[in-house]
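J.: Prediction below, plus the sequence it came from.
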Amino acid sequence: PLLEGMSGSLCAWDCAVLFNPPLLALIVVVCCSSLAVLAQTDTRIVGGYPCERAQPWQAAIFDLNRLYCGGVLVNKDWVLTAAHCRLATNVRLGEYNLRQLDESEQLRVAAKVIPHPNYNPATKDNDIMLIKLTASVQLNNNVHPIALASSTAQPGTTCQVSGWGTTTSPQRTLTHCANIEIVSPAECRRDYSGVVSDNMLCAGVREGGIDSCQGDSGGPLVCGGILQGIVSWGLEECAQPNKPGVYTKVSKYISWIQQTVRRG
């Protein structure tokens, strides 16, 4: 939806990619309530690069057989993602190539999804959710949790965002990463006409060309090996100059995460 006082189209990155192995050329992408049929779509970390095994905490979240969102492993039983990824049913850890099964992958069913109680779908405030897995994952070099930020990284800090998302390139089905910088709260509020709350964090490249995008929702923004943000929303046309990606600020939710995990 378009937010008041802004031009262009804003959407949360809650696309779904349908995988039908006999018809690999056909992938249906649903985003911002519109339908587009693309030929063999693929990753859309815009301006990024393949990053095999570099993100052992990265989760691929599915709605039945559709790649739906990204996520982050926080311990052997719980995955953190965005609250607008509420249709999550299955989770893959240790994933790299979406078209190929290998020994590193661990598949789990979502036992329960717990969105933040104050999540606002209209403003995307408190866009964070925990997924409890039906069975613990086995921790190893390919599947490992990440530490959570207790404070926010300083503006100008170089961080990494990762995911699969969607694009039109036929070759790639691999995890992609992109290097971006933390943007100051004042700059981000100016860029988005004040709609960015204190619970949000912005990161990008001022000249554009590098960004997270549709299908990357719920994925990690990592700075120095610490989880700083969860991919939340941005412009529908990604990687635009002076329009950084907007992330849920993880440091604001440490108490909620700890309490929710303790309750099980």
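T.: Nice, I can see it.
J.: Surely Leu227 is in a helix?
T.: No - assessed by DSSP: H, G, I helix; E, B strand; the rest coil, Leu227 does not belong to a helix; its assignment is strand.
J.: worst-scoring helix or strand of the protein, pLDDT-wise?
T.: strand 34-39 (a mean of 26; mean pLDDT, DSSP states H and E).
J.: Give me the contact list for whichever helix or strand comes after that one.
T.: Sequence-wise, the next helix or strand downstream of strand 34-39 (DSSP states H and E) is strand 49-50. Strand 49-50 has contacts (CB atoms under 8 Å, 6 or more residues apart in numbering) with Arg172, Leu174, Thr175, His176, Cys177, Ala178. Every C-beta, even on glycine, is put in place using the N, C-alpha and C of the backbone.
J.: Now Thr248. Nearest residue, chain neighbours left out?
T.: Of all residues not flanking Thr248 in the chain, Ile230 sits nearest, at 4.2 Å (CB to CB, 6 or more residues apart in numbering).
J.: And what about that neighbour, helix, strand or coil?
T.: Under the three-state scheme (three-state DSSP), Ile230 adopts strand.
J.: start the count at 20, not 1, going forward
T.: Sounds good: first residue 20 from here, last item Ile249.
J.: Touching, Pro140 and His103? I think so.
T.: Yes - contact criterion CB atoms under 8 Å: Pro140 and His103 qualify, at 6.8 Å.
J.: Now do the same contact list for the residue nearest the centre of the chain.
T.: Nearest to the mean C-alpha position of the chain, by CA atoms, centre = their mean, lies Gly238 at 2.4 Å. Counting by CB under 8 Å, 6+ apart, Gly238 makes contact with Gln77, Cys88, Gly89, Gly90, Val91, Val180, Ser181, Gly182, Ser231, Ile249, Val250.
J.: Brilliant, that's me finished.
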